[in-house]
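Participant: Just need the structure, nothing else, for what follows:
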Amino acid sequence: MEEIWKPIPGYEEHYAASSLGRIKSIRRTVKDVKNGKERTRIFKEKVLRFNVSKTHGRASVMLSKNGELKRILVARLVCLAFHGLPPEGKENVLHYDDNHTNNIPGNLRWGSLKENAADMRRNLGYWPAYIDGRSKRPRKKTWRPVAQRGSGEGLVASS
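Facilitator: Sure, this is the predicted structure:
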């Protein structure tokens, strides 16, 4: 599969996202002042390394623009580059297969929190790539529907 790079809206001259879910810095020359002296800095083109959160398992990168650093989720950057700005009311990036490390454009879409919850119910707590047969590798279970829980686990007794 050929890797396609597209500029990231808001960072067009600085960074690009790929069709394989990667982020790279774009080669550029920057003139600035340090300690009262003018200088010219050349930034090389390179693919950035991700930082994967231990708490929620999502990949993020640090981006710099005009001297300001920001940590942004890779899924959000890829979705911006390939699907444009989010429509009103759908500011969240949803993963079709609920696998937060699969950041290819075909797996991402803009949606609401309500749509994300509906995806989890539809998938019965499994990543749908396994359910739909697109992947032969079993995925970890993220949650269990109320109907499959044991007595006393997450249920409220009625009197």
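Participant: now the helices: where do they sit in this structure?
Facilitator: Assigned by DSSP state H, the helices in the chain fall at 74-83, 113-122, 128-131.
Participant: Any idea how many residues pack against residue 5?
Facilitator: 17 (other CB atoms under 10 Å). Any C-beta I mention is one placed from the backbone N, CA and C, and that applies to glycine too.
Participant: Let me see the ranges of the strands in the protein.
Facilitator: Applying DSSP state E to the chain gives strands spanning 5-7, 15-18, 23-25, 28-34, 37-43, 46-47, 51-52, 59-65, 68-73, 92-95, 108-111.
Participant: I'd like those as TSV, with mean pLDDT and distance to residue 82 appended.
Facilitator: What follows is these, written out as TSV (pLDDT from 0 to 100; distance: least, CB to CB, whole Å):
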stretch	mean pLDDT	distance to residue 82
strand 5-7	96	6
strand 15-18	96	7
strand 23-25	96	12
strand 28-34	87	22
strand 37-43	91	24
strand 46-47	94	17
strand 51-52	90	21
strand 59-65	92	16
strand 68-73	93	14
strand 92-95	90	11
strand 108-111	93	7
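Participant: any idea how far residue 84 lies from residue 9?
Facilitator: Distance of residue 84 to residue 9, computed by CB to CB, to the nearest Å: 7 Å.
Participant: Quick one, which of the strands of the chain gets closest to residue 80.
Facilitator: strand 15-18 (7.4 Å; CB to CB).
Participant: Show me what the closest one is packed against.
Facilitator: strand 5-7, strand 23-25, helix 74-83 (3 or more CB pairs under 8 Å, 6 or more residues apart in numbering; DSSP states H and E).
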